[in-house]
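Just to be clear, the model below is a prediction. Sequence and coordinates:
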Amino acid sequence: MKVLVIDDEPQIRRALRVFLEHNEHQVFLASSGEEGLDLAALNSPDLVILDLAMPGIDGYEVCRQLRTWMKAPIIVLSVRDREDDKIKALDLGADDYLTKPFGMGELLARMRAVHRRSAAEDELDQSDFSCDELHIDFAHRLVSLDGKEVHLTPKEYDLLRYMSMNVNRVLTHRQLLSKVWGPEYADDTHTLRVHIANLRNKIEINPERPKFVQTEPRIGYRFKTESWASV
């Protein structure tokens, strides 16, 4: 992969270059948000590793601007570990959030996960999605569990579709509400909770202990599965 690292700490940039190049990735380094935006435009990276606290244009603004034209995954690396910081970064389009200090092995695993998801997303609209006993036929808007059709309302289906297209990714309340209901519903968390509960009752074997639709406390939800495929 072509990986763009945007971080104002020289030691972090050096460590990431050595580690990523050792793992056969091509690495571009930027020490500021402005330089990072320029390098992203010039090199079309496959993945961006982004710090939040930088002089000039901070990581939040870099993330916002990148998402206006770039689809490549963005992983935030930051010393900030407050939930508000994580939610803001995810709302602006980050795909994952890792708090410093971090393990290089964990970073590499998260890079693989977000890249696999990104590579599959463009194909999902014209394919079927399967994970364990759950199957989604995107072309015909059909959902089945253990071979039996599951009848979902249009909003329940749209919610499941969006979450399954972002498998294993944390999605904030605002992201889900804006994507499924529209920006004017971004703060209507009650509506989201009701639909999540209804969806769990229909697709989970045990809705009280959900296997697929998992809660990320105070942040949002994650469609989680270790085994999935689009065909």
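Looks like it came in fine.

What's the mean pLDDT across the helix or strand hosting Gln65?
Using DSSP states H and E, Gln65 sits in helix 59-66. Averaging pLDDT along helix 59-66 gives 94.

Return the set of buried residues in that helix.
Gly59, Tyr60, Val62, Cys63, Gln65, Leu66 (16 or more other C-beta atoms under 10 Å). C-beta: built from backbone N, CA, C; applies to glycine.

now stretch 28-35
Phe28, Leu29, Ala30, Ser31, Ser32, Gly33, Glu35.

so can I have JSON lines of the residues you listed showing secondary structure, distance to Thr99 and pLDDT?
Formatted as JSON lines, these follow (DSSP: H, G, I helix; E, B strand; the rest coil; distance: C-beta to C-beta, whole Å; pLDDT from 0 to 100):
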{"residue": "Phe28", "secondary structure": "strand", "distance to Thr99": "23", "pLDDT": "97"}
{"residue": "Leu29", "secondary structure": "strand", "distance to Thr99": "21", "pLDDT": "97"}
{"residue": "Ala30", "secondary structure": "strand", "distance to Thr99": "21", "pLDDT": "97"}
{"residue": "Ser31", "secondary structure": "coil", "distance to Thr99": "21", "pLDDT": "96"}
{"residue": "Ser32", "secondary structure": "coil", "distance to Thr99": "22", "pLDDT": "96"}
{"residue": "Gly33", "secondary structure": "helix", "distance to Thr99": "20", "pLDDT": "96"}
{"residue": "Glu35", "secondary structure": "helix", "distance to Thr99": "24", "pLDDT": "96"}
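
Would you check which pair of these lies furthest apart?
Phe28 and Gly33 (14.2 Å; C-beta to C-beta).
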